[in-house]
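**Q** Sequence and predicted structure below; questions after.
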Amino acid sequence: MRYKMAVAQMDTGSDTRVNREKIRQYIREAAGRGADFIVFPEHADYLGRDHASHAVPVPGETTRFFASCAEKYGIQIHCGTITEQNPGGNPFNTSVLFSSRGEILGCYRKLHLFDVALEGAPGYRESDEASPGDEIVLCDTEFGRIGMAVCYDLRFPELFRILAKQGAELIVLPANFTEETGRAHWETLVRARAIENTCFVAAAGQCGKKDSFASYGHSMIVDPWGNVLAEAGSQEEILYADIDTDRIWQVREQIPSLSNVREDVYRLEGESQMSMSEL
């Protein structure tokens, strides 16, 4: 299967109206250039100081916005993440995937929250304003099986291995990496997740100066061999790459790492805690 992938790198701010107009323009541009699928970064719809007050229901008005864009332009859309209302506590940091007909194919709530203490920089505690999800999510789509992860999840290879073992051909990763951690780790981790799981990775990042830190940018589309098919710089832009899923099987014939897993010796816990959405 062949299709054209687009990844939008954004400098999202606190004005949702402005952000949505930018999202709409990116979708229009990508569809006009023949893209079949576009991925947005973490917090594409809103990125400000008070996420809790901007939490929305899923499904709801925000998902209807993305769904209408998908249907209007005939393109599959990964919304990046939105802040989802959670009656039981802090909101979720939630990804939603839409078919080209505007249907919701799957929702993933970020599992790993960014609670870190960087030397010489302010500490970050995402758990102060967000709740973690509790499911691993794959979606069966017209472009194959897609696994979902968000930002800090990138540092947990177990999640990506489970997605790959369950058939993910592409893993989408919306992110908002800091400048410090991005310079040190972003490319290495994104390429490693693609290489070790012999699948495509589409990583859409935020860029620009935010309230708490500068976002790194450098969004990437990486193939199963670890080749960088497209990479952004530090400004807003859209990346494009042609995805050929036959490449997955070519690489797996050469390096069958997924079939060489020693499940007789070790097993990844949590493989049964997975949600599967079907087209």
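**A** In hand now; what should we look at? Numbers count the residues shown, from 1 in each chain.

**Q** Could you list the low-confidence segments of the stretch 1-150 of the chain?
**A** Residues of the stretch 1-150 of the chain that meet the criterion pLDDT under 70 lie in 121-122.

**Q** Helices of that one, residue ranges please.
**A** Secondary structure of the stretch 1-150 of the chain (DSSP state H, counting those that start in this stretch): helices located at 16-32, 61-73.

**Q** Now residue 156. Nearest residue, chain neighbours left out?
**A** Spatial nearest neighbour of residue 156, excluding adjacent residues (Cβ to Cβ, 6 or more residues apart in numbering): residue 112 at 5.6 Å. Heads up, the C-betas are built off the backbone N, CA and C, glycines and all.

**Q** Could you count how many residues lie near that neighbour?
**A** The burial metric for residue 112, expressed as a neighbour count using other Cβ atoms under 10 Å, is 17.

**Q** For burial, what's the neighbour tally of residue 166?
**A** For residue 166, the number of neighbouring residues by other Cβ under 10 Å comes to 14.

**Q** Run a quick neighbour tally on the nearest residue to it once chain neighbours are set aside.
**A** For residue 166, ignoring the flanking residues on the chain, the nearest one in space by Cβ to Cβ, 6+ apart is residue 138 at 5.8 Å. A count of nearby residues for residue 138, using other Cβ under 10 Å, gives 24.

**Q** just to revisit the earlier point, possible to save the helices of the stretch 1-150 of the chain as JSON lines with distance to residue 202?
**A** Formatted as JSON lines, the entries for the helices of the stretch 1-150 of the chain read as follows, by distance: least, Cβ to Cβ, whole Å:
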{"stretch": "helix 16-32", "distance to residue 202": "13"}
{"stretch": "helix 61-73", "distance to residue 202": "16"}
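
**Q** Let's have these in CSV, adding distance to residue 145 and mean neighbour count.
**A** As requested, those are exported to CSV (distance: least, Cβ to Cβ, whole Å; neighbours: other Cβ atoms under 10 Å):
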stretch, distance to residue 145, mean neighbour count
helix 16-32, 22, 17
helix 61-73, 19, 18
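
**Q** Tell me which of those helices sits nearest to residue 3.
**A** Using Cβ to Cβ as the measure, helix 16-32 is the one of the helices of the stretch 1-150 of the chain that comes nearest residue 3, at 12.2 Å.

**Q** Mind giving me the packing neighbours of that closest one?
**A** Using 3 or more Cβ pairs under 8 Å, 6 or more residues apart in numbering; DSSP states H and E as the contact test, the elements touching helix 16-32 are strand 2-9, strand 37-39, helix 61-73, strand 237-244.
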